[in-house]
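1. Here's a sequence, model it:
(one chain, ligands or ions: 2)
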Amino acid sequence: MNFNNQTKVKDIALSNTSARQVLEEARVDYCCGGGESLQEACVHAGVSAEEILARLRENSQQVSAAESNWTSAPLGELTEHIKNQHHRYVREAIPRIKTLLEKVQAKHGENHPELAEIKISFHQVGKEMIMHMQKEEQILFPYIEALDRAANEKGGIEPPFFQSVRNPIHAMMKEHDAAGALVKQIHNSSAEYAEPADACTSYKALLQELREFELDLHQHVHLENNILFPRAVELEAAVL
Ligand SMILES: [Fe+2]
Ligand SMILES: [Fe+2]
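-> Numbering: from 1, shown residues only. Ligands and ions are numbered 1, 2, ... in the order given. Prediction:
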């Protein structure tokens, strides 16, 4: 794919893994802000669009076939992948990070008051994500999976109580924005996860876990906002 500064960021992120890494490293928002042009998104991220384009060109050879499959794989496989990879990761990471936060704050809280802010934001995003994933797993994903089966079996499907898949998708996307904002606060409070000179091993592990949590959230939201949701809207239109 040929990119220019008017290409939508989500289309760049969708093209391959290495393109997404370029955006991630430059902190260009490709999930919640994925509808923006590269030019606009780079202005928001405070980076040069020309520089990003140059890096994208360098990376354009390394296309990951496995990743781009999600734009054509059956939607039931994609929801399974999201549940097994991302939902499971979030559920496992939350208690692990909370334990580290307690430990690190007890030891370093006095010298590092930002840990208190990080704790508040993390508890909030953890609570919201648990409820969010439950809604996806109990309402939205089963409906998308039913659409997928109906399409395969060329059968019909009862209209859902929420009328159209667009309604829960709209709600989920708003929740993605909220989670993204909380993780951004953690990113900023921790000065981009910089290790303070007095950081012990637990402190370093905490920062690493928080960094991973943000990265996983970006990939998770990308798969839903940019691939699963638009494909579900299209499938519903074809099946209902
Ligand atoms: Fe999800
Ligand atoms: Fe989600």
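
2. Next, give phi and psi for Glu51.
-> phi -70, psi -40 (degrees, to the nearest 10).

3. Could you report the separation of it from Asn5?
-> 11 Å (Cβ to Cβ, to the nearest Å). In this view, the C-beta of every residue, glycine as well, is placed from N, C-alpha and C.

4. more neighbours, those two?
-> Asn5 (15 against 12; other Cβ atoms under 10 Å).

5. can I assume the more buried one is in contact with Val43?
-> No: the pair Asn5 / Val43 is not scored as a contact, 10.2 Å apart, by Cβ atoms under 8 Å.

6. Spit out the residues that contact these two alike.
-> Applying Cβ atoms under 8 Å, 6 or more residues apart in numbering, one finds that Asn5 and Val43 are jointly contacted by Ala49.

7. for the lengthiest helix in the chain, the distance to its chain's centre please.
-> Identified as the longest helix of the chain according to DSSP state H is helix 166-189. Relative to its chain's centre, helix 166-189 lies at 9 Å (Cα atoms, centre = their mean, to the nearest Å).

8. just checking, what packs against that helix?
-> helix 114-135, helix 201-222, helix 229-239 (3 or more Cβ pairs under 8 Å, 6 or more residues apart in numbering; DSSP states H and E).

9. Can you convert those helices into TSV and add a column each for mean pLDDT, mean neighbour count and distance to Ser190?
-> Output for these, formatted as TSV (pLDDT from 0 to 100; neighbours: other Cβ atoms under 10 Å; distance: least, Cβ to Cβ, whole Å):
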stretch	mean pLDDT	mean neighbour count	distance to Ser190
helix 114-135	98	17	6
helix 201-222	96	18	6
helix 229-239	96	16	30
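
10. and of those helices, who's closest to Gly35?
-> helix 229-239 (10.9 Å; Cβ to Cβ).

11. what about that closest one, distance to the chain center?
-> So, by Cα atoms, centre = their mean, the centroid of helix 229-239 is 21 Å from its chain's centroid.

12. residues in contact with it?
-> By Cβ under 8 Å, 6+ apart, helix 229-239 touches 71, 75, 78, 144, 147-148, 150-151, 156-157, 164-166, 169, 172-173.

13. residues in the chain within reach of ligand 2, list them.
-> 172, 224 (Cβ under 5 Å from the ion).

14. what about Gln6, which SS state?
-> With DSSP: H, G, I helix; E, B strand; the rest coil as the basis, Gln6 sits in coil.

15. remind me which residues of this protein are low pLDDT?
-> Along the chain, the model assigns pLDDT under 70 to residues 1, 60-68.

16. mind redoing it with 90?
-> For the chain, applying pLDDT under 90 flags the ranges 1-3, 10-25, 29-34, 54-69, 154-156, 158, 240.

17. Look at Ala178 and say how many residues are nearby.
-> Every residue meeting other Cβ under 10 Å relative to Ala178 is counted, giving 15.

18. Quick check: it touching Lys127?
-> No: assessed by Cβ under 8 Å, Ala178 is found out of contact with Lys127, at 11.2 Å.
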